[in-house]
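*Asks:* pasting the sequence and the predicted model now:
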Amino acid sequence: MRTVNEWKAALRTSLKEAMRARSAQAAAVLRETLAAIDNAEAADLSVAPAAVDGAFAGSAGGLGSGEVARLALTPEAVQAVIDREIQERRDAVALYEKLGKQDEANAVKAQVDVLLAV
């Protein structure tokens with residue numbers, strides 16, 4: 001299994017290749033997947049320091065006191081995010097096919113293929 005950094009590196013490498021090949025759809029799906037991973041790593045705001053009164057309303061007191069560390073994902077969590085992105089697109093393909101929109105279904109299938117190739 002890949003580490004979190006290996007997953008991100010593979011996605012970024014694939015993104016660069018898609019951009020060089022001028023494949024807008026491939027680049028878009030890779031950007032969306034990287035953004036989904038970044039969102040999963042977003043800081044838990046329930047542990048953020050409380051706001052204090054002072055020079056700036058609602059700010060935390062002291063230099064750096066408002067900092068909240070990002071979540072550290074496990075490789076399994078990153079795999080789950082990627083699997084979720086793939087499943088969302090497979091669901092979209094099924095819906096497009098059900099609605100008789102084959103062109104849209106083919107476009108989303110191509111996105112699934114990009115993610116499976118990473």
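*Replies:* On my side now, so go ahead. Numbers count the residues shown, from 1 in each chain.
*Asks:* when you work out contacts or count neighbours from here on, use the C-alpha atoms and nothing else.
*Replies:* Will do.
*Asks:* show me what contacts A69?
*Replies:* A43 (C-alpha atoms under 8 Å, 6 or more residues apart in numbering).
*Asks:* from A40, how far out is it?
*Replies:* 13 Å (C-alpha to C-alpha, to the nearest Å).
*Asks:* likewise E76?
*Replies:* 12 Å.
*Asks:* who has more neighbours, those two?
*Replies:* The residue with more neighbours, out of E76 and A40, is A40; 16 against 13, by other C-alpha atoms under 10 Å.
*Asks:* just give me the residue right at the centre of the chain.
*Replies:* A36 (1.7 Å; C-alpha atoms, centre = their mean).
*Asks:* quick check: that one touching V81?
*Replies:* Yes. Contact criterion C-alpha atoms under 8 Å: A36 and V81 qualify, at 7.0 Å.
*Asks:* ok, for V81, nearest residue in space, not its chain neighbours?
*Replies:* I37 (6.5 Å; C-alpha to C-alpha, 6 or more residues apart in numbering).
*Asks:* just the residues contacting the host helix or strand of the one you found, thanks.
*Replies:* Using DSSP states H and E, I37 sits within helix 24-40. Residues outside helix 24-40 that contact it (C-alpha under 8 Å, 6+ apart) are 8, 11-12, 14-16, 18-19, 71, 73, 78, 81-82, 85, 107, 110-111, 114-115.
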